[in-house]
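S.K.: Attaching a predicted model along with its sequence, questions to come.
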Amino acid sequence: MNKALRKAVIAGNWKMNNTPAQTKALIEELAPLVADADCGVVVCVPFIDLHAALEATKGTNIKVGAENCHWAASGAFTGEVSAPMLKEIGVEYVVIGHSERRQYFGETDETVKARTRAALDNGLLPIVCVGEVLEQREAGITEQVVTSQTTKALEGVTAEELKKIIIAYEPVWAIGTGKTATDEQANEVCAIIRSLVEELYSKADADALTIQYGGSMNDANADGLLAQSDVDGGLIGGASLVASKFAAIVKAASK
Ligand code: PEP
């Protein structure tokens, strides 16, 4: 597989952190540090921070993403935000199916598929998260789990639409735990996802697909992870909240 065929994307997932004022301040600190990045730079922020993020990123190379979107365009879904709403204010990316949503908010493969469809239909770029929990890794079924999650999320996605999708491989046991997958573990599963995409679509489509690793990636381990042949960037939680650490990861991806 030819890594040069695709551009790395480093996306921060801020989770439920930062007020609008803190968002403005963090982006203003980050922007000059990543201005010469040779990779995509995205910050995915809480809904309430989107306006502040869009304003603060104007004239920079930082793109803005949401952390979720609903599958319906509108309707009786109290507390939810739809893809057309995000699109209208200028959001470009949206994280779909993060493990915390699967774990705490009843997200299933079926709803991940529906939200991915809504994102694509409304011109948003979905970052679709897949990954096994510790018991599944220990039971030796990581490949099965990730294959099934990815296949379901991509159901009905055309080859043309696939070009707009990023898959983030995030082993759940490595998220927010400080326990990173080894370079080899991360690469092995990203390669499994790429082979699956080759089977479902074509070699050219698989070669072009950006597959991120996520799970305690930081300024100290990014070099090794991002040098792997099938790892095309990262989805970063904790380290994305510190401008210097996030910028160091962006630098590692720009090599
Ligand atoms: C994440 O939230 O997607 C994530 C990978 O978090 P962390 O980097 O903190 O493990």
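M.R.: Received, thanks. Numbers count the residues shown, from 1 in each chain.
S.K.: Once you drop chain neighbours, what's closest to the residue in the stretch 151-255 of the chain that the ligand sits nearest to?
M.R.: Per Cβ to the nearest ligand atom, Gly237 is where the stretch 151-255 of the chain lies closest to the ligand, at 2.1 Å. Every residue, glycine included, has its C-beta placed from N, CA and C. Spatial nearest neighbour of Gly237, excluding adjacent residues (Cβ to Cβ, 6 or more residues apart in numbering): Asn13 at 5.1 Å.
S.K.: State whether the one you found and Gly238 are indeed in contact, as I suppose.
M.R.: No: Asn13 is beyond contact range of Gly238, at 9.3 Å (criterion: Cβ atoms under 8 Å).
S.K.: More neighbours: those two, which one.
M.R.: The neighbour count for Asn13 versus Gly238, taken as other Cβ atoms under 10 Å, is higher for Asn13 (27 against 20).
S.K.: next one: phi and psi at that one?
M.R.: phi -110, psi 100 (degrees, to the nearest 10).
S.K.: got the contact list for it?
M.R.: Asn13 makes contacts with Cys44, Glu67, Val95, His98, Gly214, Leu235, Ile236, Gly237, Ser240, as judged by Cβ atoms under 8 Å, 6 or more residues apart in numbering.
S.K.: separation between the residue of the chain most remote from its centre and His70?
M.R.: Within the chain, the residue lying farthest from the chain centre (Cα atoms, centre = their mean) is Ala76, at 27.7 Å. To His70, Ala76 is 11 Å away according to Cβ to Cβ, to the nearest Å.
S.K.: for Lys15, same thing?
M.R.: 18 Å.
S.K.: Leaving out the residues flanking it, which one is nearest to Leu33?
M.R.: In space, Leu33 is closest to Ala247, 3.6 Å off (Cβ to Cβ, 6+ apart).
S.K.: and what of Leu124?
M.R.: What sits nearest to Leu124 in space, not counting adjacent residues and going by Cβ to Cβ, 6+ apart, is Val94, at 4.8 Å.
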